[in-house]
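Undergrad: let me see the structure of the following:
(one chain, ligands or ions: 2)
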Amino acid sequence: MLFDIHVHTTISSCSQLKIDAILKHAKNRGLDGVCITDHQTMEIRRYLSEGIQGNGLCVLFGMEYSTPDGDFLLFGPFEDIPPDLNAVQMFEVVARRGGAAIAAHPFRTKRPVREYVIREGFCHVVESFNGRNTDAENLRVDSWRQKYVFAESGGSDAHTLEELGRVRTGFAIPVRSRADIVFALRNGLCYPDSSDKISAEQPPKLLSDCQIRGGFGVGPGYPVVISA
Ligand SMILES: [Zn+2]
Ligand SMILES: [Zn+2]
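TA: Ligands and ions are numbered 1, 2, ... in the order given. Presented below is the predicted three-dimensional model:
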């Protein structure tokens with residue numbers, strides 16, 4: 001299943017992308033679902049009910065949470081997450097509440113994610129393809145691939161209709177609810193998908209069970225979910 005899991009609506013002051021336009025056009029872009037990730041808020045819940053919409057599109061609610069050490073896409077029960085947490089405090093909340101966090105556009109020059117977040121095991125998913133990054137910024141994730149084990153996701157970071165669905169995340173399991181996406185992310189059952197950003201040398205990567213067992217589901221607040 002293909003989702004654009006990084007999308008801003010006009011609830012974010014920087015975005016011009018209307019909720020109606022997302023609902024109307026997402027399926028035509030080949031998307032099975034869209035995650036709304038407005039900056040620091042899940043206000044989207046006041047305008048839309050989460051889940052499968054009338055036209056079959058799955059819309060899930062998340063958030064892009066900014067810290068001094070980077071921006072993170074959060075999925076889980078974070079409607080009331082306190083603002084202004086630092087990254088370590090934010091990860092404590094994510095772990096305690098059983099959510100999932102993605103290091104967003106980690107090598108974007110103006111909003112990088114600090115490496116300790118991956119090195120010290122706070123974050124297990126990296127947005128390796130972001131539609132608003134330059135190709136060079138996306139390719140720099142390779143320096144982390146050499147050193148660390150993590151799952152990868154992709155998202156358009158759309159702020160306009162034109163951008164919607166340009167970069168996507170493929171899921172290896174059916175995703176129909178917020179619980180499903182949290183499970184998929186925490187178990188590395190995801191890969192970035194982008195017709196215009198992924199070259200032949202960078203095929204979508206799905207972590208093997210072996211890597212998942214070795215590198216995921218462990219650490220504070222991350223109980224092992226996959227044990228097969
Ligand atoms: Zn924005
Ligand atoms: Zn964003």
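Undergrad: CA only for contacts and neighbour counts going forward, please
TA: Noted.
Undergrad: and Arg96, how many residues sit next to it?
TA: 12 (other C-alpha atoms under 10 Å).
Undergrad: how close does the residue lying closest to Ala101 once chain neighbours are set aside get to Lys27?
TA: The spatially closest residue to Ala101, leaving aside those adjacent along the chain, is Leu74, at 4.6 Å (C-alpha to C-alpha, 6 or more residues apart in numbering). Using C-alpha to C-alpha, to the nearest Å, we find Leu74 at a distance of 23 Å from Lys27.
Undergrad: for Arg108, same thing?
TA: Taken as C-alpha to C-alpha, the span from Arg108 to Lys27 is 29 Å.
Undergrad: now swap in Lys147 and tell me
TA: Going from Lys147 to Lys27 by C-alpha to C-alpha gives 37 Å.
Undergrad: give me the more crowded residue out of those two.
TA: Lys27 (18 against 10).
Undergrad: so the more buried one touches Gly54, yeah?
TA: No. Using C-alpha atoms under 8 Å, Lys27 is not in contact with Gly54, being 11.8 Å away.
Undergrad: give me the common contacts of the two.
TA: Contact criterion C-alpha atoms under 8 Å, 6 or more residues apart in numbering; residues shared by Lys27 and Gly54: none found.
Undergrad: which of the helices and strands in the chain ranks last by mean pLDDT?
TA: helix 209-215 (a mean of 35; mean pLDDT, DSSP states H and E).
Undergrad: got a pLDDT number for Leu161?
TA: At Leu161, the predicted lDDT confidence score is 97.
Undergrad: find the nearest non-adjacent residue to it, please.
TA: Nearest to Leu161 is Leu17, by C-alpha to C-alpha, 6+ apart, at 5.6 Å.
Undergrad: just to revisit the earlier point, which elements pack onto whichever strand or helix holds the residue nearest to Ala101?
TA: Taking DSSP states H and E as the definition, one finds Leu74 inside strand 70-75. Judged by 3 or more C-alpha pairs under 8 Å, 6 or more residues apart in numbering; DSSP states H and E, the packing partners of strand 70-75 are strand 63-67, strand 100-103, helix 178-186.
Undergrad: tell me which of these sits most buried.
TA: Counting by mean count of other C-alpha atoms under 10 Å, strand 100-103 has the highest mean neighbour count of the helices and strands packed on strand 70-75, with a mean of 26.
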